[in-house]
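*Asks:* I'll drop the sequence and a predicted model, then ask my questions.
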Amino acid sequence: MSNASQNRAFRIGLKAARQGVGYTLDDLAGELGETDVAVSLETLTAWESGKEAPREWDRPSIEAIERALGAEGTLVEALGW
């Protein structure tokens, strides 16, 4: 899968998982802010909109997002990691 396809799969997966638990991006950022791996609202917005894509060094943040959304492994897999 190409990077563009992986990034698209990630964006779709992030939005679906977030909406599935009834969170806004602000809710998710707030929950992550209570953990040891905070992710800003600006970063979450950029990732979900496709303006930016997570990099391999963002993996701890992606895994924290997965835990917060009950989507363990799905976002990392979408990115091909």
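*Replies:* That came through fine.

*Asks:* unless I'm mixing things up, Leu69 is touching Leu28, no?
*Replies:* Yes: between Leu69 and Leu28 a contact is recorded at 7.3 Å, counting by CB atoms under 8 Å. Where C-beta positions appear, they are placed from N, C-alpha and C, glycine not excepted.

*Asks:* overlap of the contact sets of those two?
*Replies:* Overlap of the contact sets of Leu69 and Leu28 (by CB atoms under 8 Å, 6 or more residues apart in numbering) consists of Arg18.

*Asks:* what about Asp26, neighbour count?
*Replies:* Burial of Asp26 is recorded as 11 neighbouring residues (other CB atoms under 10 Å).

*Asks:* who's in contact with it?
*Replies:* Counted by CB under 8 Å, 6+ apart, Asp26 has contacts Leu41.

*Asks:* what does the longest helix anywhere in the chain rub up against?
*Replies:* For the chain, the longest helix by residue count, based on DSSP state H, is helix 3-20. Helix 3-20 has contacts (CB under 8 Å, 6+ apart) with 1, 24-25, 28, 47-50, 53-54, 65-66, 69-71, 74-75, 78-80.

*Asks:* show the buried residues in those residues.
*Replies:* 25, 28, 47-48, 53-54, 65-66, 69, 71, 74-75, 78-79 (16 or more other CB atoms under 10 Å).

*Asks:* among those, which are in helices?
*Replies:* Of the positions in the buried ones among the contacts of helix 3-20, 25, 28, 47-48, 65-66, 69, 74-75, 78 sit in helices, assigned by DSSP H.

*Asks:* which one of those residues sits closest to Asp58?
*Replies:* Trp47 (8.6 Å; CB to CB).

*Asks:* surely the closest one and Ser61 touch.
*Replies:* No: using CB under 8 Å, Trp47 is not in contact with Ser61; the gap is 9.3 Å.
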